[in-house]
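# Give the three-dimensional model of this entry:
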Amino acid sequence: MKFVQIIDFESQRFGEMRELLEAFEQRMQGTPGGPTHRMMLKDRDTTGRYLAVIEFESYEDAMRSNEHPEVAALNQQLSALCTRPPAFTNCDLKDMRELK
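Below you'll find the predicted structure:
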């Protein structure tokens, strides 16, 4: 079953975060068990609030991905750019459809 993690965070330094993420994704491209999709959302009602939606093939893949030292380093770097600690929501994907 596919697994999705939603990360709710606030930052005034989103451009720096994006640069870190892009460099990380290039380094980790092709690594087995990594994320399959990432979507970044900006809250229209709360300045500086974002939601990252990250999909994995399974919960187990996500947990293995977290064991990579590169992932731990990225999480520390991203957290340092946040104005509050990120909040994580872990979800099993039950249904997804293309509507158009």
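# C-alpha from now on. contacts and neighbour counts both.
Noted.
# which parts of stretch 83-94 are buried?
Residues residue 86 are the ones in stretch 83-94 that count as buried (16 or more other C-alpha atoms under 10 Å).
# how long is that stretch end to end?
End-to-end distance of stretch 83-94 (C-alpha to C-alpha, to the nearest Å): 32 Å.
# and what of stretch 8-15?
Using C-alpha to C-alpha, first and last residues of stretch 8-15 are 17 Å apart.
# where exactly do the helices run in this protein?
14-28, 59-66, 69-80 (DSSP state H).
# Residue 46 is nearest to which of these?
Shortest separation from residue 46 across the helices of the chain is recorded for helix 14-28, at 14.0 Å, computed as C-alpha to C-alpha.
# got the angle between that closest one and helix 69-80?
Helix 14-28 runs at 180 degrees relative to helix 69-80, counting by axes from the mean of the first three to the mean of the last three C-alpha atoms, to 10 degrees.
# For residue 23, the count of nearby residues, please.
Using other C-alpha atoms under 10 Å, residue 23 has 10 neighbouring residues.
# ok, so what distance separates it from residue 29?
10 Å.
# Next, show the common contact partners of these two.
Common neighbours of residue 23 and residue 29, counting by C-alpha atoms under 8 Å, 6 or more residues apart in numbering, are absent.
# okay, now residue 1: neighbour count?
Using other C-alpha under 10 Å, residue 1 has 11 other residues around it.
# pLDDT below threshold where in this protein?
Within the chain, not a single segment meets pLDDT under 70.
# ok, what's across the strand from residue 3?
With beta bridges defined as DSSP bridges, residue 3 has these partners: residue 56, residue 92.
# and what of residue 50?
The partner residues for residue 50, given DSSP bridges, come to residue 9, residue 42.
# Cool, thanks, signing off.
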